[in-house]
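> give me the fold of what follows.
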Amino acid sequence: MALSTKLEMRQSQSLVMTPQLMQAIKLLQFSNLDLAAYVDAELERNPLLERSDPATGSASEQSGDSAVEILPEAAASGGEGEAYDAGFDGSEAPEGEAGDWMKNQLESSAETMAASMDTDLGNVFPDDGGVAPAPEQAIAYAADSGRTGGGVSEDYNLEAFVAEEESLTQILTDQMNLALADPVDKLIGLHLINSLDENGYLAQELDEAAGQLGVSPARVEAVLAILQGFEPSGVFARSLAECLALQLKERDRFDPAMATLIDNIELLARRELAALRRLCNVDEEDLTDMIAEIRALDPRPGRAYGSALVQPVVPDVLVRRASDGGWTVELNADTLPRVLVNQTYYASVTRTARKETERSYLTDCLQTANWLVKSLDQRAKTILKVSTEIVRQQDGFLSYGIEHLRPLNLKTIADAVGMHESTISRVTSNKYMATSRGIFELKYFFSSSIAATEGGDAHSAEAVRHRIKQLIDAESASDILSDDTLVKMLKAEGIDIARRTVAKYREALRISSSVQRRREKSGGR
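Sure, this is the predicted structure:
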């Protein structure tokens, strides 16, 4: 079969993702923090974009109808420079008058201070000799004081004085430099420090570490024994039992009975207290004291250092009770970026542009700015539209609680608002709604359905999980509910659910089995 080249003409349909469409999709799935960072980057990159001042926004912006606005040419005719000069009534003092004004101020201040102290300034400030500085010196000092802390300047940043949070790696490295002198031991110690996980546990086998470093496992073990004596107590442990043992050894409480309890820590997790008393050879009071000591230990000693910064959740949508008994849904204005496109600046710069590359650059900036403003406006409208439909679907939850949370999926919302399911998924990602019952992620309102026993309305899986927790919390020590019993009780309430589903929901709620709960509530007997 011979190979040859030829030309063919084909007609087909395809979806082309333009850069503008990709930007709109990306903005839609951003959280409010990501969106603010993205807009800040665009404001720095695009000279035609400006941040809008809420105090001077347009009427539509103040009414909450739109979070973004294109600056009209007539409204922007003043320009930023003219607005700044207007604060001085359009007048500017001559240089000589300004110098005389400052000189008179300094002289009058010196005379006032001397009169109030009833003495010459040379007696109070001997280094100055009572002589006021020249106006030029005063200006230089005022400019320098903002940098040295003697005054406040525009670039004065209090965050520069906040103490830096020390990481666990840095704390352990400082201790290692004092405890180890041999360079090989320091190299081993640094490798082990870098092998710790976020909880402070050693995440690598010693034989593997010895093979990577080319040293004997005995030497790695010797270095590890030194490192395990560092603060915080319990670091470099390879298991929970070893972590607790290290902390007990530091407190000089690692006696034979406590060592036996640590070796059988899984019995404590299952609340098999009778078996522990026999193994440790102690009575019930001593075992209770030993368990109290273990509970006072830190099973994750590394979590207190260098933890991830916790960001507060700022709701994107606010839901309030309306006067007619319904609900008012509105966007949180604090999370909406307000940007303007300065058409006046574009027109003035375009007139002075001589090269084609300059005009092309300005045109691209204008198109990008206009598209960003439209994308932000469309994003806000889409979030409001989807949130309004979610509130309409989950009116029972907002009024009466989680027991009335309806099963809901993306397709239901998509069909109601006339959008695609993928769009609804992007809108509900990393977006939060503030209601009278708390702040919830929009995805919280989407829950799978559990069929009813007699063909009634389906139940939300989240509501069923809540009901299971209520039943278990209300059980008594003499009547522990098994999974089969829970199934019968839920079916009596009209919820058709299987036993394995009850077990799955119970484990998701981190509720132990009926056997373990019986031991816990009966004191392990």
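> measure A41 to T363 for me?
As for A41, its distance to T363 is 21 Å (criterion: C-beta to C-beta, to the nearest Å). Using the backbone N, CA and C atoms, a C-beta is placed for each residue, glycine as well.
> cool, and Q23?
Separation of Q23 from T363 (C-beta to C-beta): 17 Å.
> which of those two has more neighbours?
Using other C-beta atoms under 10 Å, the more surrounded residue of Q23 and T363 is Q23, with 16 against 13.
> using the three-state scheme, assign the more buried one.
helix (DSSP: H, G, I helix; E, B strand; the rest coil).
> that one - nearest residue in space that isn't next to it in sequence?
With sequence-adjacent residues excluded and distances taken as C-beta to C-beta, 6 or more residues apart in numbering, Q23 is closest to S375, at 6.0 Å.
> helix or strand: which one has the one you found?
helix 356-393 (DSSP states H and E).
> do A503 as well
helix 499-508.
> tell me the angle the helix or strand just after that helix makes with helix 499-508.
Counting by DSSP H and E, the next helix or strand C-terminal to helix 499-508 is helix 514-521. Interaxial angle of helix 514-521 relative to helix 499-508 (axes from the mean of the first three to the mean of the last three C-alpha atoms, to 10 degrees): 40 degrees.
> show me what helix 514-521 is packed up against.
Using 3 or more C-beta pairs under 8 Å, 6 or more residues apart in numbering; DSSP states H and E as the contact test, no helix or strand touches helix 514-521.
> list the buried residues of that helix.
Going by neighbour count (16 or more other C-beta atoms under 10 Å), the buried part of helix 514-521 is 514, 517-519.
> and the contacts of it?
By C-beta atoms under 8 Å, 6 or more residues apart in numbering, the residues outside helix 514-521 that reach it are 270-273, 472, 475-477, 480-483, 511-512, 525.
> how about L372, what does it touch?
Residues in contact with L372 (C-beta under 8 Å, 6+ apart) are 23, 39, 42, 46, 49, 339.
> drop anything exposed from these.
For these, buried by 16+ other C-beta under 10 Å: 23, 39, 42, 46, 49, 339.
> out of the residues you listed, which are inside helices?
23, 39, 42 (DSSP state H).
> go through these and say which is closest to G302.
For those, the closest approach to G302 (C-beta to C-beta) belongs to V39, at 36.3 Å.
> which phi and psi does the nearest residue to the closest one once chain neighbours are set aside have?
Spatial nearest neighbour of V39, chain neighbours left out: P337 (4.3 Å); criterion: C-beta to C-beta, 6+ apart. Main-chain torsions, P337, degrees, to the nearest 10: phi -70, psi 140.
> was I right about P337 contacting L35?
Yes - using C-beta atoms under 8 Å, P337 is in contact with L35, at 6.4 Å.
> just to revisit the earlier point, ChimeraX command for the buried members of the contacts of helix 514-521?
One line in ChimeraX is enough to select the buried members of the contacts of helix 514-521, burial here meaning 16+ other C-beta under 10 Å:
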select :270,271,272,273,472,475,480,481,483,512
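> tell me the two of the contacts of helix 514-521 that are most distant?
The span of these, defined through C-beta to C-beta, is set by L273 and D483 at 23.9 Å.
> packing partners of the following helix or strand past the helix holding S375?
Sequence order places helix 395-400 as the next helix or strand after helix 356-393, per DSSP H and E. Helices and strands touching helix 395-400, by 3+ C-beta pairs under 8 Å, 6+ apart: there are none.
> what does helix 395-400 contact?
319, 327, 391, 404-406, 435-437, 445.
> show me the shaky parts of the stretch 301-450 of the chain.
306-311 (pLDDT under 70).
> assumed V329 was part of a helix.
No - counting by three-state DSSP, V329 is not part of a helix but strand.
> so what's the residue count around the spatially closest residue to it that is not a sequence neighbour?
Distances taken as C-beta to C-beta, 6+ apart place T388 nearest to V329, at 4.8 Å, with adjacent residues excluded. Neighbour count for T388, taken as other C-beta under 10 Å: 18.
> for the nearest residue to L408 once chain neighbours are set aside, give me its contacts.
Excluding its sequence neighbours, the residue lying closest to L408 (C-beta to C-beta, 6+ apart) is F446, at 5.1 Å. Counting by C-beta under 8 Å, 6+ apart, F446 touches 408-410, 428.
> residue contacts, the nearest residue to H466 once chain neighbours are set aside?
Residue nearest to H466 in three dimensions, not counting chain neighbours: I402, with 4.8 Å by C-beta to C-beta, 6+ apart. With contact taken as C-beta under 8 Å, 6+ apart, I402 is in contact with 462-463, 466.
> likewise for K411?
E421 are the contacts of K411 under C-beta under 8 Å, 6+ apart.
> ok, 10 Å please
Counting by C-beta atoms under 10 Å, 6 or more residues apart in numbering, K411 touches 420-421, 424.
> just V220 next, same as before
Counting by C-beta under 10 Å, 6+ apart, V220 has contacts 185, 188-189, 191-192, 205-213.
> can you do 7 Å?
188, 206, 209-210 (C-beta atoms under 7 Å, 6 or more residues apart in numbering).
> how close does it get to I226?
Distance, V220 to I226, using C-beta to C-beta: 11 Å.
> H459 now?
Using C-beta to C-beta, H459 is found at 58 Å from I226.
> next one: A36
Taken as C-beta to C-beta, the span from A36 to I226 is 47 Å.
> just list the residues touching S31, thanks.
Contacts of S31 (C-beta under 7 Å, 6+ apart): N430.
> just read off the phi/psi values of it.
According to degrees, to the nearest 10, S31 has phi -80, psi 170.
> how about the strands in the protein?
49-51, 317-321, 327-331, 339-341, 432-435, 438-441, 449-450, 459-460 (DSSP state E).
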